[in-house]
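Show me how the following folds:
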Amino acid sequence: MSNPEICILGAGFAALTAVRELRKHAPDARITLIAPRPEFIYLPSLIWIPTGLRRGDDLRIALQPFFARHAVNYVQARVTAVLEGGRRVVTDAGEYSNDALIVASGGRFIKKLPGIEHAITLCEGITAAERIRERILAMDQGRIALGFGGNPAEPSAMRGGPMFELLFGLERWLRRQKRRDRIDLTFFNAAAEPGKRLGERAVKSLLAEMGRRRIDTHLGHKPLGFSETGVDTDGGHINADLILFMPGLTGPDWLAASELPVSPGGFVKADVHCAAEGLERVFVAGDAGSYPGPDWLPKQAHMADLQARAAARNLLATLGGKPPTETPKPELICIVDSYDTGMLVYRSPRRSFMLPSSRAMHWSKRYFEAHYLKGIR
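Predicted coordinates for the structure are as follows:
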């Protein structure tokens, strides 16, 4: 198919990686990208806003120059449905047809627990991270409760790593400020051993670190709701002056009005090639999708990039009349940062290891941030 019309939904990690991969291999393709705002937020570094290591503007990148370099037609709109087997995208600014589609619009947090408005969710964006900083700076004493949840219908749809980083980063920062003796920290989770996707050794190390830092834990008890006084669980109440909670993930809300395959957890159901099951030339990458693979498959930026590269290559193959052959490597790479040190965790189907916390890992994380953002700017 000559000069195909390719549509990409989203402006996050998976979407921008898909743009670069498509443009590299199909310089004449017409690419339309639909997203609510022409900006990219580097979500992994939100953990550093509450402690002042980053400001919001450090992580917000205007995408107009990126779109111009890659000859992308940007449409500022919100998707409301995808119909006709993926060939028609309906938005609040009109309808757009395509020859091939990549859904990279990300997921959304499940906000069903009673009183969820009393908790702040870090990964909702820069505004949430800045609110956390403001609240903690205003605290003279008290307790901060931190935790994360999951999606009961899709156990892998959780984002626990940033909460471990926020927990350890805040603890270290409060000690630096000589406020730690007046502000207590409690980590809560429904699992007795939270973070098992990182591997058994990593979980034991994280829990041991909490003990070493005198961080209270409330584990193995399901959160039931939140209030102005703290967190209610099936194991009791946690008094808290500030609640930081990362709910489980589900897919975009417009899936309910669309003609795309949906997984039990509410995501676009994909096969091993990141293709939407049962549809032609419709692919998914990043948090919007549900993928076959190990139960620890992460919802993280690195995995989104791997899925986007595979999706883009397979899309071009199908446009050329060939079957898809690319499969993204299931891989978890995470530096669990602690304000000025970091612990590397790696996991793949063949091996799993971790490196002890060091300043070198913290600076490696900061270097990678700069390198990644340079490629987008």
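
So, low pLDDT: which residues of the stretch 1-150 of the chain?
The stretch 1-150 of the chain contains residues with pLDDT under 70 at 1-2.

Do you have the strands of it handy? List them.
Per DSSP state E, counting those that start in this stretch, the stretch 1-150 of the chain carries strands over the ranges 5-9, 30-35, 39-41, 60-62, 72-76, 79-83, 88-91, 94-97, 100-103, 108-109, 119-120, 142-148.

And what about Leu260, helix, strand or coil?
coil (DSSP: H, G, I helix; E, B strand; the rest coil).

Now the phi/psi pair for it, please.
Backbone torsions of Leu260, given as degrees, to the nearest 10, read phi -120, psi 150.

So it sits against Leu83, correct?
No. Look at Leu260 against Leu83 with C-beta atoms under 8 Å: they stay out of range, at 9.2 Å. Every C-beta, even on glycine, is put in place using the N, C-alpha and C of the backbone.

And the two? Which one has more around it.
Comparing Leu260 with Leu83 by other C-beta atoms under 10 Å, the one with more neighbours is Leu260, at 25 against 14.

ok, the more buried one - contacts?
Residues in contact with Leu260 (C-beta atoms under 8 Å, 6 or more residues apart in numbering) are Val82, Gly86, Val103, Val268, Ala276, Leu279, Val282.

rerun that using 10 Å as the cut-off
81-83, 85-86, 101, 103, 251-252, 254, 267-269, 276-279, 282, 284, 288 (C-beta atoms under 10 Å, 6 or more residues apart in numbering).

Any chance of JSON lines for the strands of the stretch 1-150 of the chain, columns distance to Thr17?
Formatted as JSON lines, those follow (distance: least, C-beta to C-beta, whole Å):
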{"stretch": "strand 5-9", "distance to Thr17": "10"}
{"stretch": "strand 30-35", "distance to Thr17": "12"}
{"stretch": "strand 39-41", "distance to Thr17": "11"}
{"stretch": "strand 60-62", "distance to Thr17": "14"}
{"stretch": "strand 72-76", "distance to Thr17": "13"}
{"stretch": "strand 79-83", "distance to Thr17": "19"}
{"stretch": "strand 88-91", "distance to Thr17": "20"}
{"stretch": "strand 94-97", "distance to Thr17": "21"}
{"stretch": "strand 100-103", "distance to Thr17": "10"}
{"stretch": "strand 108-109", "distance to Thr17": "20"}
{"stretch": "strand 119-120", "distance to Thr17": "29"}
{"stretch": "strand 142-148", "distance to Thr17": "25"}
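
Comparing those, which comes out most buried?
strand 100-103 (a mean of 30; mean count of other C-beta atoms under 10 Å).

Partner strands of that one and their direction?
Using DSSP bridges, strand 100-103 pairs in its sheet with strand 5-9 (parallel), strand 282-284 (parallel).

Save those strands as CSV, and put in distance to Gln64 too.
CSV is the format used below for these (distance: least, C-beta to C-beta, whole Å):
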stretch, distance to Gln64
strand 5-9, 16
strand 282-284, 25
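
Which parts of the stretch 151-300 of the chain are helices?
161-176, 200-212 (DSSP state H, counting those that start in this stretch).

so how many other residues sit close to Phe188?
Neighbours of Phe188 (other C-beta under 10 Å): 26.

If you could redo that for Asp305, that was the one I meant.
21.

ok, it - contacts?
Per C-beta under 10 Å, 6+ apart, neighbours of Asp305: Phe13, Ala14, Leu16, Thr17, Ala18, Arg20, Glu21, Ala285, Gly286, Pro328, Tyr372.

any chance of those in CSV, plus neighbour count?
Output for these, formatted as CSV (neighbours: other C-beta atoms under 10 Å):
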residue, neighbour count
Phe13, 28
Ala14, 33
Leu16, 27
Thr17, 23
Ala18, 31
Arg20, 18
Glu21, 21
Ala285, 34
Gly286, 29
Pro328, 22
Tyr372, 18
